[in-house]
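Q: predicted model and sequence below, questions to follow.
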2 protein chains.
Amino acid sequence: MDQLIHPTYASIFEKKLLDEIEQTAVLKKIPQDTTLIEIGDYVKSMPLILSGAIKVLRVDDNGDELLLYFLEPGDTCAMTMSCCLGHTKSEIKAVAELDTELLMIPVQKMEEWTATYKSWRNFVFHSYHNRLQELLNTVDTIAFLNMDERLLKYLNEKVKVSGDTTLQTTHQEIAYDLNTSRVVISRLLKKLETMKKIELKRNSITIRSL
Amino acid sequence: MDQLIHPTYASIFEKKLLDEIEQTAVLKKIPQDTTLIEIGDYVKSMPLILSGAIKVLRVDDNGDELLLYFLEPGDTCAMTMSCCLGHTKSEIKAVAELDTELLMIPVQKMEEWTATYKSWRNFVFHSYHNRLQELLNTVDTIAFLNMDERLLKYLNEKVKVSGDTTLQTTHQEIAYDLNTSRVVISRLLKKLETMKKIELKRNSITIRSL
DNA sequence: CTTTCTATGTAACATAAGATACGTTAGCAA
DNA sequence: TTGCTAACGTATCTTATGTTACATAGAAAG
């Protein structure tokens, strides 16, 4: 497991902490599209992302969804952390966007480590900081941008996260993430295709320039 | 100053920490409508709110504003904290909603205390937790609610924060907070008045039942 | 090859919200 | 009193987005 921890976390954690992580963390392999957490779930461990990507969503009472942000290697789910520390239920839904590898840290350990390891404390604060930033970004997007701009931003993020300019997805999927209807997305995508910015095929969108 | 700290914070901080706060914190009295922080400001101290209330806003490049949430006694500005710890510029604008009293803690001290005081660490984590919650709430509001529902929620919050069912405000002010136009707010308020839920006068709105 | 899905294209219409314009009113000041 | 200004009321129009309905196309299954 040692090799797995190294690439992303070795540089920020001290040796002793890395040893502790190696002893207590559990490696979890998650196939694409697996739901990791639903709203209302109790969470007893916190994930460190080693590879892949995780999509974090908000869901309202009517089942309407909205993409909040993606988590990538080196990230942790601050929401989950927050729920662990506050001993409250999950406020978000998390789905594996790609095949993903996680290190699961038990709550009890993470509480211990905040007292004993400065590097861990910094990591936790840093994670909160990043999550607040991302949430502000999300707020900006839905408050200040029109749907066509949001769609562009969304496509860009998907390309960045997947590392591929051809996205395997459907219009309906996008509509769910942006909390709108399929027809609206089809309409806007068609416009982008006319502008030669993307190419549309069944189950795939190729981004040429955005 | 001892009496000032007591009511809101005495129960959560240990004696030694309270003493330290008393020695290093600076009491600041802020009149209503004063801008405390603008986006891009560097912040070198973190506020603990003793009395009053603070309105936290997001502003975009066009100068469009959006109310994120209100801070009340016992709260701290997690955004500011986050910026302090990350040594980054402020991402938000903060305005005194009422006459407000703050204790200002220097960054350097707050970093020290996270290492030495468990109660401080818990307070910091708790604050992050609450702010994430509030931001999720904000996201829900703008993503899933229509303007009329957002207006109702807004009026309720103002009543709660001010402790008065009569709000001294203008339609334009509300429009700024909700990032819409005055005309839209006037229209919706009129509808609420017709439904006998509120009473409108120049510069004042009295909430009867929501 | 036909059938059966699911994904996509597109028209036609409905609605919430934004924009513009202008009239009215309350309160203050000269 | 008169006049001025900020706040408010309201009609009209535009636009972005949502809704419904239906046609077509591609993939998969039989």
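A: That came through, no problem. Given the structure is predicted, the values throughout are model-derived calculations rather than measurements. Residues are numbered from 1 along each chain as shown, chains lettered A, B, ... in the order given.
Q: what is the least confident helix or strand in chain A?
A: Of all the helices and strands that make up chain A, helix A:2-9 has the lowest average by mean pLDDT, DSSP states H and E, namely a mean of 66.
Q: wait, doesn't residue A:199 sit right on residue A:192?
A: No - the criterion here is CB atoms under 8 Å, and residue A:199 misses it with residue A:192 at 9.6 Å. From N, CA and C alone the C-beta is placed, and that goes for glycine too.
Q: between these two, tell me which one has more neighbours.
A: Neighbour totals were compared for residue A:199 and residue A:192, and residue A:192 leads with 20 against 14 (other CB atoms under 10 Å in any protein chain shown).
Q: give the phi and psi angles for the more buried one, as a check.
A: Listed backbone geometry of residue A:192 is phi -60, psi -40, with angles given as degrees, to the nearest 10.
Q: near the residue lying closest to it once chain neighbours are set aside, how many other residues are there?
A: Among residues not flanking residue A:192 along the chain, residue A:198 sits closest, at 4.8 Å (CB to CB, 6 or more residues apart in numbering or on different chains). Other residues lying near residue A:198 total 22 when counted by other CB under 10 Å.
Q: what do you get for the one 5 residues further on?
A: Here the neighbour count serves as a burial measure; for residue A:203 (other CB under 10 Å) it reads 11.
Q: repeat that for residue A:140.
A: Residues near residue A:140, counting by other CB under 10 Å, number 18.
Q: swap in residue A:143?
A: Residue A:143 has 20 neighbouring residues, counting by other CB under 10 Å.
Q: stretch A:58-68: end-to-end distance?
A: Start and end residues of stretch A:58-68 are separated by 7 Å (CA to CA, to the nearest Å).
Q: that one vs DNA strand D: in contact?
A: No - for stretch A:58-68, no contact with DNA strand D is found by CB under 7 Å from any atom of the strand; the gap never falls below 9.8 Å.
Q: can you check stretch A:145-156 too?
A: Yes - counting by CB under 7 Å from any atom of the strand, DNA strand D has neighbours in stretch A:145-156: A:146-148.
Q: before we move on, back to that, list the beta-bridge partners for the residue nearest to residue A:192.
A: On DSSP bridges, the residues paired with residue A:198 through beta bridges are residue A:207.
Q: tell me who's in contact with it.
A: With contact taken as CB atoms under 8 Å, 6 or more residues apart in numbering or on different chains, residue A:198 is in contact with A:155, A:189, A:192, A:205-208.
Q: now distance to residue B:41 too, for the residues you listed, in TSV please.
A: Output for those, formatted as TSV (distance: CB to CB, whole Å):
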residue	distance to residue B:41
A:155	34
A:189	40
A:192	38
A:205	41
A:206	43
A:207	37
A:208	40
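Q: redo those as TSV? Include pLDDT and distance to residue A:7.
A: TSV is the format used below for the contacts of residue A:198 (pLDDT from 0 to 100; distance: CB to CB, whole Å):
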residue	pLDDT	distance to residue A:7
A:155	98	28
A:189	98	36
A:192	97	36
A:205	98	30
A:206	98	30
A:207	97	28
A:208	94	32
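Q: of these, which is the nearest to DNA strand C?
A: Nearest to DNA strand C out of the contacts of residue A:198 is residue A:189 (CB to the nearest atom of the strand; 5.8 Å).
Q: state the distance from the closest one to residue A:155.
A: Distance of residue A:189 to residue A:155, given as CB to CB, to the nearest Å: 9 Å.
Q: do the same with residue A:171
A: 12 Å.
Q: and the longest helix seen in chain A, how far from the chain's centre?
A: Longest helix in chain A by number of residues (criterion: DSSP state H): helix A:118-144. With CA atoms, centre = their mean, to the nearest Å as the basis, helix A:118-144 stands 12 Å off its chain's centre.
Q: picking that back up, can you redo the residues of stretch A:145-156 next to DNA strand D as a markdown table with distance to residue A:75 and secondary structure?
A: Below are the residues of stretch A:145-156 next to DNA strand D laid out as a markdown table (distance: CB to CB, whole Å; DSSP: H, G, I helix; E, B strand; the rest coil):
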| residue | distance to residue A:75 | secondary structure |
| --- | --- | --- |
| A:146 | 29 | coil |
| A:147 | 27 | helix |
| A:148 | 29 | helix |
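Q: need those residues in CSV with pLDDT, distance to DNA strand C and neighbour count, can you?
A: Converted to CSV, the residues of stretch A:145-156 next to DNA strand D look like this (pLDDT from 0 to 100; distance: CB to the nearest atom of the strand, whole Å; neighbours: other CB atoms under 10 Å in any protein chain shown):
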residue, pLDDT, distance to DNA strand C, neighbour count
A:146, 98, 10, 8
A:147, 98, 13, 15
A:148, 98, 15, 14
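Q: out of those residues, who's nearest residue B:52?
A: Nearest to residue B:52 among the residues of stretch A:145-156 next to DNA strand D is residue A:146, at 36.9 Å by CB to CB.
Q: low-confidence stretches in chain A?
A: For chain A, the stretches with pLDDT under 70 are A:1-6.
Q: what do you get if the cut-off is 90, keeping everything else the same?
A: A:1-11, A:83-87, A:111, A:209-210 (pLDDT under 90).
Q: residue contacts, residue A:65?
A: Residue A:65 neighbours (CB under 8 Å, 6+ apart): A:57-59, A:93, A:176-177, A:179.
Q: just how off-centre is stretch A:28-47 within its chain?
A: So, by CA atoms, centre = their mean, the centroid of stretch A:28-47 is 11 Å from its chain's centroid.
Q: repeat that for stretch A:166-183.
A: On CA atoms, centre = their mean, the centre of stretch A:166-183 falls 17 Å from the chain's centre.
Q: tell me which residues of that stretch are tucked away?
A: Residues A:167, A:170-171, A:174-180 are the ones in stretch A:166-183 that count as buried (16 or more other CB atoms under 10 Å in any protein chain shown).
Q: kindly identify which of these also come near DNA strand C.
A: Residues of the buried residues of stretch A:166-183 in contact with DNA strand C (CB under 7 Å from any atom of the strand): A:170-171.
Q: can you flag which of the buried residues of stretch A:166-183 belong to helices?
A: A:171, A:174-177.
Q: return the member of those residues nearest to residue A:28.
A: residue A:177 (24.1 Å).
Q: give the contact list for that closest one.
A: Residue A:177 sits next to A:55, A:57, A:65-67, A:154 when contact means CB under 8 Å, 6+ apart.
Q: kindly recompute the last result at 7 Å.
A: Residue A:177 sits next to A:65, A:67, A:154 when contact means CB atoms under 7 Å, 6 or more residues apart in numbering or on different chains.
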